[in-house]
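K.L.:
Predicted model, plus sequence, below.
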Amino acid sequence: MTENATEKITGSLKNILYRNTDNNYFIGRFICENSNEPITIVGYAFEIQPGERVAVEGRWVKNKKYGMQFEISSLEVMVPVTADGIEKYIGSGMIKGIGPVMAKRIVKKFGMDTLEILDSSPGRLSEIDGFAQKRIAIVKEEWKKQKYVREIMIFMQSYDISNNYALKIYNNYGNDSINVLKTNPYRLIEDIAGIGFKTADRIAERLGIKKESVFRIKSGILYIMRMLTEAGNCYCPLDELVNHAMGLLDIGQADICSCINMLTSEDSLVIRGEDDKKVYLTCIYEDEVFVARKLREIKGSKANAFCSAVGKTLEIPVKKHPGGKSFLSTDNNEYIERIINELTADAHMMPDSAQMEAIKKSLSEKVVIITGSPGTGKSTILDIIIAFFKSMSGVVLIAAPTGRAAKRLEQATGCQAKTIHRLLKYQPKMNRFLKDENDMLAADVIIIDESSMLDIRLFRALLKAIEPHTRLILVGDVDQLPAVGPGNILSDIINSGIFCVVKLEKIYRQGGKSQIIYNAHRIRDGIYPVIKNSENNDFFFFDKTDPESAVDTVIDLALNRIPSNFNFKAPEDIQVIVPTNKGIAGVNNINLKIQERINKTNIFYNKGAMRLGVNDKVIQLKNNYEKEVYNGDIGYIKIIDFENQEISVDFDGKLVHYDFHDTDQLTLSYAISIHKSQGSEFRCVIIPILTSHYMLLQRNLLYTAITRAREVAVIVGSKKAIGMAVSRNITDNRFTGLKDLLAGCF
């Protein structure tokens, strides 16, 4: 055991002591075959399981605190050679249908022949109590799958690719996995989360694809365009695209420009503009053009009262409306005001001038945008608008981009609200919406809340399903962060200057005395917030400049001080929201620290970089329409079933079951990113804001974070970091063309 000495050691992994969810770094106890002595191994590796026999190559290093450790550089999984190793191997959770108890029975029955039985005679499992034919079929399929995944791992090892991608590749490509890797490694970029161009490029190089290959250059250009799109842009200036490509591909300008022209002629890219050329992915350009045309079409179309989906005009009854005139006529203002006054009186509401304008414009204009910060009464006036249309027998549909936003909208209005995907009847297996131009939504009025979260792709899908006669009301806070996807829809529509926009500014929450909303408005306007930690306040600040000290304070506030002082439940009522996932004061580290403090269970599931336990608070990371859970939904783990390889999560009383292979849809949510918090509200939010977050500090990020709080907002961090965020207003840095298209200037 000589420091820095390089060795190759064979043995079995006893257990994992620590795993960093950020980078897959782990520390484990390892039993060497030649000496049967335990050693500590450290390094970056894929999801090996306790009991697996592995060969590790690396060097000995001396840790000041823990002594000698073996730092691995490569790792190869091997077949276990002891009965105990086989038992741990097959009972580790890698095979659905076999948990620790069943693994013990199998090895007791078959001993060292266990793996051979699973390979060639899995039907013999029926000799063991508890193995019905259905379970045997599951185990047979899972064992076959695991063997094939191992083949992919071995193949990828030869190309220096981390093995933790093997299962993702298999789940995506199945038995065609190795063929895909050999024929077009650049497909991995689009299809496999976590694989970028450099990884795919390394495989391509080893497969003999030359640096100057047109195939490689075009793949690199498309990769850059997709990355820019995922960052929120709809196009990229040509000069910037060329510079990005030269840096990524290490290729000259002429070759890159030539390949851009090829991609244009192949209809993969579109170039617009004369002097300042703008390069689009063709699909995104078509999205923007469609949205601009359809919005103009809706705005310019006319309707008498309401039109049903089949085009029938619904006239207002004479007894309600003398003369039978359409209530939308300019001659009927008196009648409209009387109805509005009756509805507002029923709602015990005294609308201000801006709110009254929003209500009236929603009745007379085809496209209306209602914007304002939380607490300005958007939900209240929506109640009036919906009630008015329904009193006229109109069909009103309301929706929001996310599940949590739709749930909040439903609670606020008392009317059924759906996600836009559910409204359009999205079919995940077909990857298409059933509602489109061939089967449009039967609605007289469509109201979309949290419209700042709309991206260009989803908005196009929505507009395709809207009849020209239908009224469209977009509600949202334009000062929040824009959508995660491409586009800046709400801002572009407002700034085009051709649609009716009503901005609500008067604060009604807590009688207009909410410091949360007051400070949110100051931040929005580039003014430093007022910090006064006093009783009867709802906005607090704790001055911490050191990241570790700040994290300790965040955890103490979340688990102890706030629950005891405000009678909030932890973690249900309290949400930590953070600018970034990484670092000491990032989402991942805070989640781990809170998990260690709050979750005392000994039932945990480890998969790769994840460690999930019974009772953990988790968040859904993407829409799952089959399970009817959506991006941003927060729930609690109730059951971890190792034998059937399932995790069951309670989402507001609904128990949702996840196969172990699907758990990459979940992550801990004691802390979440500010972007993930969009569309949600929490009784209390705690926001660490430090100078270490400087790359992400900006005005609309801090504004969005603070406005997620319904009752209490707490900032933990430095005044300098707050000042950095308040002073940086970079909301318009996205490259989008919708505003110019709407204004006819493109």
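P.N.:
Received the coordinates, thanks. Residues are numbered from 1 along each chain as shown.
K.L.:
what are the phi and psi values for the residue nearest in space to the middle of the chain?
P.N.:
Note on the chain: the residue nearest the mean C-alpha position is Leu621, at 4.6 Å, using C-alpha atoms, centre = their mean. Backbone torsions for Leu621, taken as degrees, to the nearest 10, come to phi -90, psi -10.
K.L.:
can you start the count at 58 instead of 1 from here on
P.N.:
In the new count, where the first residue is 58, that last one comes out as Leu678.
K.L.:
The nearest residue to it once chain neighbours are set aside and Gly100, how far apart?
P.N.:
In space, not counting the residues next to it along the chain, Leu678 is nearest to Gln722; the distance is 5.4 Å by C-beta to C-beta, 6 or more residues apart in numbering. The way it works is simple: take the backbone N, C-alpha and C, and place the C-beta from them, glycine included. Distance from Gln722 to Gly100, counting by C-beta to C-beta, to the nearest Å: 27 Å.
K.L.:
Same check on Ile185?
P.N.:
Using C-beta to C-beta, Ile185 is found at 38 Å from Gly100.
K.L.:
so Arg461, which of the three states?
P.N.:
For Arg461, the assignment made with DSSP: H, G, I helix; E, B strand; the rest coil gives helix.
K.L.:
Report the contact partners of it.
P.N.:
With contact taken as C-beta atoms under 8 Å, 6 or more residues apart in numbering, Arg461 is in contact with 687, 689-691, 736-737.
K.L.:
Hmm, Asn680 and the residue nearest to Leu678 touching each other?
P.N.:
No: in terms of C-beta atoms under 8 Å, Gln722 does not count as a neighbour of Asn680; the distance is 9.5 Å.
K.L.:
Just the element for Ile84, please.
P.N.:
Taking DSSP states H and E as the criterion, the element that holds Ile84 is strand 82-89.
K.L.:
Return the set of buried residues in that strand.
P.N.:
Buried positions in strand 82-89, judged by neighbour count with 16 or more other C-beta atoms under 10 Å: 83-85, 87-88.
K.L.:
Which other helices and strands does the following helix or strand past that strand contact?
P.N.:
The helix or strand immediately downstream of strand 82-89 is strand 95-101, counting by DSSP H and E. Packing contacts for strand 95-101, counted by 3 or more C-beta pairs under 8 Å, 6 or more residues apart in numbering; DSSP states H and E, involve strand 63-76, strand 82-89, strand 110-120, strand 124-135.
K.L.:
Just put these in CSV and tack on distance to Leu285.
P.N.:
Below are these laid out as CSV (distance: least, C-beta to C-beta, whole Å):
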stretch, distance to Leu285
strand 63-76, 33
strand 82-89, 30
strand 110-120, 38
strand 124-135, 35
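K.L.:
Make a markdown table from these and add mean pLDDT and distance to Leu520 to it.
P.N.:
Written out in a markdown table, the entries for the helices and strands packed on strand 95-101 read as follows (pLDDT from 0 to 100; distance: least, C-beta to C-beta, whole Å):
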| stretch | mean pLDDT | distance to Leu520 |
| --- | --- | --- |
| strand 63-76 | 82 | 45 |
| strand 82-89 | 85 | 46 |
| strand 110-120 | 85 | 54 |
| strand 124-135 | 81 | 51 |
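K.L.:
out of those strands, which comes closest to Thr470?
P.N.:
strand 63-76 (44.3 Å; C-beta to C-beta).
K.L.:
quick one: the closest one to strand 95-101, angle?
P.N.:
For strand 63-76 against strand 95-101, the angle by axes from the mean of the first three to the mean of the last three C-alpha atoms, to 10 degrees is 80 degrees.
K.L.:
Using CSV, write out every CA atom in stretch 184-193.
P.N.:
Once non-C-alpha atoms are left out, stretch 184-193 reads as follows in CSV (Å, rounded to 0.1, in the frame of the first residue of the first chain):
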residue,chain,number,x,y,z
GLU,A,184,-39.0,-24.8,-7.3
ILE,A,185,-38.8,-22.0,-4.7
ASP,A,186,-41.8,-20.9,-2.7
GLY,A,187,-43.1,-17.5,-3.8
PHE,A,188,-42.2,-17.8,-7.5
ALA,A,189,-45.3,-17.8,-9.6
GLN,A,190,-45.1,-17.9,-13.4
LYS,A,191,-45.8,-14.2,-13.6
ARG,A,192,-42.8,-13.4,-11.4
ILE,A,193,-40.6,-15.9,-13.2
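K.L.:
Ramachandran coordinates for the closest residue to Leu725 other than its chain neighbours?
P.N.:
In space, and not counting its chain neighbours, Leu725 is closest to Asn648: 3.9 Å by C-beta to C-beta, 6+ apart. The phi and psi torsions at Asn648 (degrees, to the nearest 10) take the values phi -60, psi -50.
K.L.:
wouldn't Asn648 be in contact with Ser726 here?
P.N.:
Yes: Asn648 lies in contact with Ser726 (C-beta under 8 Å); the separation is 7.5 Å.
K.L.:
partners of Glu64 in the sheet?
P.N.:
Glu64 has these beta-bridge partners by DSSP bridges: Gly115.
K.L.:
coming back round to it: same drill for Gln722 and Asn680, tell me which one is more crowded.
P.N.:
Set Gln722 next to Asn680 and count neighbours by other C-beta atoms under 10 Å: Asn680 wins out with 21 against 17.
K.L.:
from memory the more buried one sits against Arg479, does it?
P.N.:
No: with contact defined as C-beta under 8 Å, Asn680 does not reach Arg479; the gap is 9.5 Å.
K.L.:
Show the subsequent helix or strand relative to the helix or strand bottoming out on mean pLDDT in the chain.
P.N.:
None of the helices or strands of the chain scores lower by mean pLDDT, DSSP states H and E than strand 370-371, at a mean of 32. Using DSSP H and E, the next helix or strand after strand 370-371 towards the C-terminus is helix 390-403.
K.L.:
low-scoring pLDDT stretches of the stretch 558-707 of the chain, where are they?
P.N.:
Counting by pLDDT under 70, the stretch 558-707 of the chain shows low-confidence ranges at 566-569, 664-667.
K.L.:
Ramachandran coordinates for Asn638?
P.N.:
The phi and psi values for Asn638, taken as degrees, to the nearest 10, are phi -80, psi -30.
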